[in-house]
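1. quick one, structure for this:
(6 chains)
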Number of protein chains: 6
Amino acid sequence: MYYHDKKLQYPVRVDKPNPMFAKMLQQAIGGVEGELRVMLQYFFQAWGNRSPEKKYRDMLLETATEEIGHVEMLATAVALNLENAPTAEQDAAASRSPMVNAIMGGMDPRQYLSAGLAALASDANGVPFNGSHVYASGNLAADMYANIAAEATGRALATRLYNITDDPGMKDMLSFNIARDTMHQQQWAAVLEELKEQGGIFPIPNSFDQSLENQQYSYLFAATDKDPSTPIPQGRWTHGPSLDGKGEFRAEQMKPAGEEPQLAPPPPEAYAQTQQMGEEHKGLFEKVKKKIT
Amino acid sequence: MYYHDKKLQYPVRVDKPNPMFAKMLQQAIGGVEGELRVMLQYFFQAWGNRSPEKKYRDMLLETATEEIGHVEMLATAVALNLENAPTAEQDAAASRSPMVNAIMGGMDPRQYLSAGLAALASDANGVPFNGSHVYASGNLAADMYANIAAEATGRALATRLYNITDDPGMKDMLSFNIARDTMHQQQWAAVLEELKEQGGIFPIPNSFDQSLENQQYSYLFAATDKDPSTPIPQGRWTHGPSLDGKGEFRAEQMKPAGEEPQLAPPPPEAYAQTQQMGEEHKGLFEKVKKKIT
Amino acid sequence: MYYHDKKLQYPVRVDKPNPMFAKMLQQAIGGVEGELRVMLQYFFQAWGNRSPEKKYRDMLLETATEEIGHVEMLATAVALNLENAPTAEQDAAASRSPMVNAIMGGMDPRQYLSAGLAALASDANGVPFNGSHVYASGNLAADMYANIAAEATGRALATRLYNITDDPGMKDMLSFNIARDTMHQQQWAAVLEELKEQGGIFPIPNSFDQSLENQQYSYLFAATDKDPSTPIPQGRWTHGPSLDGKGEFRAEQMKPAGEEPQLAPPPPEAYAQTQQMGEEHKGLFEKVKKKIT
Amino acid sequence: MYYHDKKLQYPVRVDKPNPMFAKMLQQAIGGVEGELRVMLQYFFQAWGNRSPEKKYRDMLLETATEEIGHVEMLATAVALNLENAPTAEQDAAASRSPMVNAIMGGMDPRQYLSAGLAALASDANGVPFNGSHVYASGNLAADMYANIAAEATGRALATRLYNITDDPGMKDMLSFNIARDTMHQQQWAAVLEELKEQGGIFPIPNSFDQSLENQQYSYLFAATDKDPSTPIPQGRWTHGPSLDGKGEFRAEQMKPAGEEPQLAPPPPEAYAQTQQMGEEHKGLFEKVKKKIT
Amino acid sequence: MYYHDKKLQYPVRVDKPNPMFAKMLQQAIGGVEGELRVMLQYFFQAWGNRSPEKKYRDMLLETATEEIGHVEMLATAVALNLENAPTAEQDAAASRSPMVNAIMGGMDPRQYLSAGLAALASDANGVPFNGSHVYASGNLAADMYANIAAEATGRALATRLYNITDDPGMKDMLSFNIARDTMHQQQWAAVLEELKEQGGIFPIPNSFDQSLENQQYSYLFAATDKDPSTPIPQGRWTHGPSLDGKGEFRAEQMKPAGEEPQLAPPPPEAYAQTQQMGEEHKGLFEKVKKKIT
Amino acid sequence: MYYHDKKLQYPVRVDKPNPMFAKMLQQAIGGVEGELRVMLQYFFQAWGNRSPEKKYRDMLLETATEEIGHVEMLATAVALNLENAPTAEQDAAASRSPMVNAIMGGMDPRQYLSAGLAALASDANGVPFNGSHVYASGNLAADMYANIAAEATGRALATRLYNITDDPGMKDMLSFNIARDTMHQQQWAAVLEELKEQGGIFPIPNSFDQSLENQQYSYLFAATDKDPSTPIPQGRWTHGPSLDGKGEFRAEQMKPAGEEPQLAPPPPEAYAQTQQMGEEHKGLFEKVKKKIT
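-> Model (predicted):
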């Protein structure tokens, strides 16, 4: 179960409120690279963690809980960015103009219309957060890669937000978020490092008996350029031992090993057009009718 | 631009059609771990690739194009699994029973109702594919981690599908899909390996000047257990040099560095309840009214 | 079944077309607080209404039907706000500039690109209306609370729209919408009042035998502040008789009554990493293989 | 910021694992009536709370934090329901049959295929949780009604889940959830009670000057039956003083007060069909062309 | 504005309630081929109709209004299919079994859990109706084709539902729905017929000056088979006059007319990996830092 | 399977990059009228095509493959529109201003924040592409109408994009896209023409025995104006032979043929409010309780 402290994990200060920046911050709340996603992702990974070794579950819980505080910081930052300068606000009629201007000029209209000047569970385009981005596959290595990806795109997002604000308070807050993303990338990479020490990671999942896969294709770079004479793009992936040490990379122009697929004609109950049906089916709905009536 | 060959990349054979397995296969088509996602992900990464070095773009195009053929194989497998046994089908009225039974007994009803016995651009629960899962961040390392995550969860999915089918044809097809996922995991890992040789990868993005992040928090494992005396879960992430070689891991119980947030009272135009408004605002809508009329 | 009159329920007049306001109005059409939602919500509540007493079904039908006319008014208002001033429009080339300007300057691009200058079934950010917001729970009291919530957020939205327009025609239309929201709040509250007279409403559903719930927790305010010495926020909810007259409020710091959960290790068919599997499972996939082949 | 305790808020015990019930429980996790929604709803209401009076913010934080623990309990319950009986599981090959049976027989396939036998951030049909259900309007009274609605539909859901399980452990857990929903309904109702004591609640928002609404329609039940002689459904909403004490209910057959709307013909840049365009526009694209070239 | 009659447009009778069929019927309510979609589609087309000629708007309103009654019929059919046989229901405990059985055996769990045995605004997989399917393009011909497509897929759906039910009441209701879909297909085709008489329809939109399109490609069937010697699939589309009478069909193997795209290297503020940046950018973040501080 | 050529199908040139136009182009990528949709639609129609006649499948594959190249062109156009003028970019600090301005002034923030200045799989409002728009019904005629609708709305979109750009490179690219949409409309119409020659198309599906539909309603225009004396909008749809030659159009004011629906009272397990339950049910939960305990 969970507890809270009313204080924020790190100070959130907005020196010059900026409704347009409030819109950009939504990406870090409800976007696919945002904090709601990692918070829930780490929680679902922890809650569904199956392993005799408990420490990964414990560690995931520690960090998932931290992430709630990050959503809180960002939601606070949005609310503060939506506040007008103190003096101008005193007169309601006068303050109406900046509001209208902001609404008309690019802020997220729903931060005002739906939330009364506060954050939403949505991204920078107002698209609501979607739970399908919560990856918790039941495979620890797959999850760690998903987590690094989330923190890498998350840190890229935070640096881009850092770039477009001139507000010292916001830059300070983001310098913290960026640092935490640094740590969390390292943290998930460290788990992979530990797993590596206990045996290979790849191919993920490593518990599937690899002799059951068609190994002719396991380390083949398949080129699909129309012109077979186009040189295949060379790299670490085209020759030499594979990174899992279980094969040798090679590269070939792909050729179809299968045939043209042959689907059966539509059965009468698919209600295709009669022109699509084989001769033997064309009269069949008459029979159907007789059986039914 | 693009070309096709009517033949399949690998044979797709269904020995004993199974409408329930047709439903499961949808996850590999339109699920978050599925082929539509990786196909579009690699395409958008290629099309948006910015780098003086062209080979990564070229390589992404090669593999994105391959993935179209994987969606094609799976869609074919779905259609074949929805076909009834050849003899029973000859009589429409008799064949109605298996159809009704299948529909009622757990197949995806939309494969019949909406598609007339064919595949959908949806997952195993009938949830349509959603473009927000196409990750193309503009940062090559972040994208490679996202790609490994996609192929790791994708291979986990394929092994689970392999586990629940007894059909030799389907097992053969999946043994190919699993092998290609093995390769694609290796391929993206190989890119990371190359990048590593050209300088560090971490923290991603590595082009953000790390002195701008709040480095006090960059390598700190932050524990959030309510009871500070609970031992912090130890691992590679709690001590020793960080994996990027740029810091030293340490672990501490997290404490709030910020304060309780103080939001301004709602301005009149937020139309909060009067009970929420500061004394000075409570009479303000009277003024608003006068200004307007 | 249903009928229409080509006339609008209330006049819709736009004195000075404003494409940006056309975007804002979308929230009142397809937003979560909008008219499409209440229209469908009241219809589904009526169509699914089960009760020997017919009048609630009848009343819901009356108002659901009224709401269609509200969507119609708003869609008309959007279309009118997208029309340019009459004279400037006469010359196509000249009028192209305002269009381009409006498109580039903040209007909903899809009102032009997808709808040719008309309304969409979407919210102010262009997010399509989603049927999951149609609440019809089969419990009349729960539905009435959902309806008051819809009309309360709907009226807040309408007042905010009223605030950001200077157009007298739009203000007139909104003064009608706001009034209808006033009535509909009262109407659903009146149903609750009637139910209260026929016996208690709470807890909803009141047909579940309350002795089956764990009554130790039924009227307890559970505090979750990390520091047990932080004063619990006091209010009507911390002491005195509960509002349903069935208990006495009290407040306590919450403590876990459960244990740390213990999930079984992953079975082989979950294809976790081998590092996650218990010793007894690590070799199992070899056996699986033998059985299959 | 936030803390956790590894123990659960209340014991979660599954006596007889049931994969089909694991699917049903998803509705209480990621459904519109579920715990993810109320957890985030209370958090966003707290984080965006604007009011000189702090206690509502504080109280919302207390309860939002509690709700995390409810999601945790339910996710744990799902994972436990996906575990097979202890003895049968020892042999992997033998256990494959129950798995396949369950998959084929109605469980959520993604709990296995995507999550490796654990919970998802989705509802009972596998539809992902969607952030648009997080209501935080900036108006305290509107939010309290939304909260009661959420807890009323949530408690209805919990009682229905209670009804369909025979598992004593699950019944015990649900008896706790149902009790907490009882309390939370009371808690939000208690806030409304307090607000009422500080002045009226209705119409929500009560800070909009009601003289600006078209009061002719504020307390009118508008009947829409095609046949004006059909009796209007009578109730507390058709006569007597309105519940806010600010008007008198009355009921009338609705008649259109507006006219048939007249939209301007499509301008050339809307690219309607020429048949839709007024005579004066039909030749205009020729002019457009000349200007452009 | 709108009116209702409590009677249904056509009788809805369920002889033998079938919860699984109640799930299938959801596709005809909230599916992409369903009645909610056409109802809203015709309404938005009517409300946004721009044309000096009023009759199309009027006609769309007539039929949109009819469609409300179709949703009503289907929602009623769902509710009736969820009712158990009268006698077995008398004893609550006994009736619990059929409920549990149905829930566990394939019915839409949310029809019980969320709606208390009634219809939802969702499709047969429980995916909520989505407003993006409401096509109203502002071009009358485009809309008519969208409408025929909707009624064609809608009628295919209805015939498939007809096929899987044995219930005489349901067959009777569907025989009406199928007939109305027949008419509505004809109706939209008749509009196209009228437009054709007033001048050509194609290409849609016909108000765009066709000399502005690159006419070299306007009537060319572009073949994309990898092997240029594969015969191009011949048909009405490969030779002879085009159907709009404005060109001559021809068929050719497609060849790229463009070049390999060259994107600029990522600017520093994109925060790509340094390895992706041109030499001149690699040191730039140092400069950025200096400017900022 | 599939192949690629690194060259584009048609040149993509941006003379004056315009981030706001990059946002508009998203509609042609991920919008409902966009290229991702038609690409996938034609692929799923081909992959699921059932017919002894192969040429329709072959033709669909040809064109689906072409469409990949259209998405590629548009994604390239987006990336180029996001590039700043070459000289200004050399200095990072100076270039930050245009970026911030563009972000704040109306571009899609996610093209920068999420994609690092590249295209997304979303529409012009940032709403992700959704697979439910992929229509492949299993009925060839229904699909052809859906395809014409897609190409008609797609061409309308392209002409509107053509109208709002002044960039010669973009106009040139769009003149190609518009021409291809012309051809594809013709192509699908040509299929319908061929089907017509093999027998009628209507009503779709034409394989359902029309004597099973309620033919009393098959060719009836049903008027729903409240006032029966309002003239019914006359047109080709109100009189004369129907277009399928199978009936005679007529028009009538619609009247309910059904009755007011009568749903059974809620069973105890629906947990309605007791006030909704029939007398016989009100005490039932007591019995339920006894049975359970």
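
2. so residue A:212 sits right up against residue B:178, yeah?
-> Yes: if you go by C-beta atoms under 8 Å, residue A:212 and residue B:178 touch, sitting 7.5 Å apart. Every C-beta, even on glycine, is put in place using the N, C-alpha and C of the backbone.

3. which of those two has more neighbours?
-> residue B:178 (27 against 19; other C-beta atoms under 10 Å in any protein chain shown).

4. re earlier: joint contacts of residue A:212 and residue B:178?
-> Common contact partners of residue A:212 and residue B:178 (C-beta atoms under 8 Å, 6 or more residues apart in numbering or on different chains): residue B:162.

5. quick one: residues contacting residue A:109.
-> A:103, A:126, C:23-24, C:27, C:124-125.

6. out of those residues, who's near chain F?
-> A:126, C:125 (C-beta under 8 Å from any C-beta of the partner chain).

7. what would the contacts of residue A:109 look like in a markdown table with secondary structure?
-> Formatted as a markdown table, the contacts of residue A:109 follow (DSSP: H, G, I helix; E, B strand; the rest coil):
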| residue | secondary structure |
| --- | --- |
| A:103 | helix |
| A:126 | coil |
| C:23 | helix |
| C:24 | helix |
| C:27 | helix |
| C:124 | coil |
| C:125 | coil |
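
8. so the particular helix or strand that has residue A:141 in it versus helix B:140-164, what angle?
-> In this assignment (DSSP states H and E), residue A:141 forms part of helix A:140-164. If you take axes from the mean of the first three to the mean of the last three C-alpha atoms, to 10 degrees, helix A:140-164 sits at 150 degrees to helix B:140-164.

9. can you spell out which helices and strands pack onto helix A:140-164?
-> helix A:19-30, helix A:35-47, helix A:168-197, helix B:140-164, helix F:92-104, helix F:109-113 (3 or more C-beta pairs under 8 Å, 6 or more residues apart in numbering or on different chains; DSSP states H and E).

10. would you mind naming what in the stretch 101-250 of chain A lies close to chain F?
-> Residues of the stretch 101-250 of chain A lying near chain F by C-beta under 8 Å from any C-beta: A:106, A:123-127, A:153, A:156-157, A:160-161, A:163-164, A:224-227, A:230.

11. now which of those residues would you call buried?
-> A:106, A:123-127, A:153, A:156-157, A:160-161, A:163-164, A:224-226 (16 or more other C-beta atoms under 10 Å in any protein chain shown).

12. any idea which of those residues is the one closest to residue A:189?
-> Set against residue A:189, the nearest of these by C-beta to C-beta is residue A:153 (15.2 Å).

13. ok, that closest one - contacts?
-> Residue A:153 touches A:32-33, B:135, B:137, B:139, B:142, B:146, F:114, counting by C-beta under 8 Å, 6+ apart.

14. 10 Å instead?
-> A:31-34, A:37, A:181, B:135-139, B:142-143, B:145-146, B:204-205, F:113-114, F:116 (C-beta atoms under 10 Å, 6 or more residues apart in numbering or on different chains).

15. hang on, the earlier thing: pLDDT (mean, whole number) over the helix holding residue A:141?
-> Taken as a whole, helix A:140-164 has a mean pLDDT of 97.

16. OK, now which residue of the stretch 51-200 of chain A is nearest to chain C?
-> residue A:126 (2.8 Å; C-beta to the nearest C-beta).

17. so that residue touches residue F:126, yeah?
-> Yes: with contact defined as C-beta atoms under 10 Å, residue A:126 counts as touching residue F:126 (7.4 Å).

18. what do those two both touch?
-> Counting by C-beta under 10 Å, 6+ apart, the shared contacts of residue A:126 and residue F:126 are C:125-127.

19. which one of those residues is nearest residue E:47?
-> residue C:126 (18.0 Å).

20. would you agree that closest one is in contact with residue E:132?
-> Yes: Residue C:126 sits in contact with residue E:132 when judged by C-beta under 10 Å, with a separation of 9.5 Å.

21. joint contacts of these two?
-> Joint contacts of residue C:126 and residue E:132 (C-beta under 10 Å, 6+ apart) are C:30, C:110, C:114, C:120, F:123, F:127.

22. farthest pair within those residues?
-> Among the shared contacts of residue C:126 and residue E:132, C:30 and F:123 lie farthest apart (C-beta to C-beta), at 14.6 Å.

23. only the C-alpha atoms, please, for stretch A:37-56, written as PDB.
-> Extracted C-alpha coordinates of stretch A:37-56, given in PDB (Å, rounded to 0.1, in the frame of the first residue of the first chain):
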ATOM      1  CA  ARG A  37       3.200   5.800 -18.600                       C
ATOM      2  CA  VAL A  38       6.400   4.900 -16.700                       C
ATOM      3  CA  MET A  39       4.700   5.100 -13.400                       C
ATOM      4  CA  LEU A  40       2.100   2.600 -14.400                       C
ATOM      5  CA  GLN A  41       4.500   0.500 -16.400                       C
ATOM      6  CA  TYR A  42       6.800   0.000 -13.400                       C
ATOM      7  CA  PHE A  43       3.800  -0.700 -11.100                       C
ATOM      8  CA  PHE A  44       2.300  -3.300 -13.400                       C
ATOM      9  CA  GLN A  45       5.800  -4.900 -13.900                       C
ATOM     10  CA  ALA A  46       6.200  -5.000 -10.100                       C
ATOM     11  CA  TRP A  47       2.700  -6.300  -9.300                       C
ATOM     12  CA  GLY A  48       2.900  -9.000 -12.000                       C
ATOM     13  CA  ASN A  49       6.600  -9.900 -11.300                       C
ATOM     14  CA  ARG A  50       7.100 -13.600 -11.000                       C
ATOM     15  CA  SER A  51      10.400 -14.800  -9.800                       C
ATOM     16  CA  PRO A  52      11.800 -16.600  -6.800                       C
ATOM     17  CA  GLU A  53      14.200 -13.700  -6.600                       C
ATOM     18  CA  LYS A  54      12.300 -10.800  -4.900                       C
ATOM     19  CA  LYS A  55      14.700  -7.900  -5.400                       C
ATOM     20  CA  TYR A  56      13.600  -6.900  -8.900                       C
END
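
24. how about it: buried residues?
-> For stretch A:37-56, by 16+ other C-beta under 10 Å, it's A:37-51, A:56.

25. and those, which two are the farthest apart?
-> The widest separation within the buried residues of stretch A:37-56 (C-beta to C-beta) is 23.3 Å, between A:37 and A:51.
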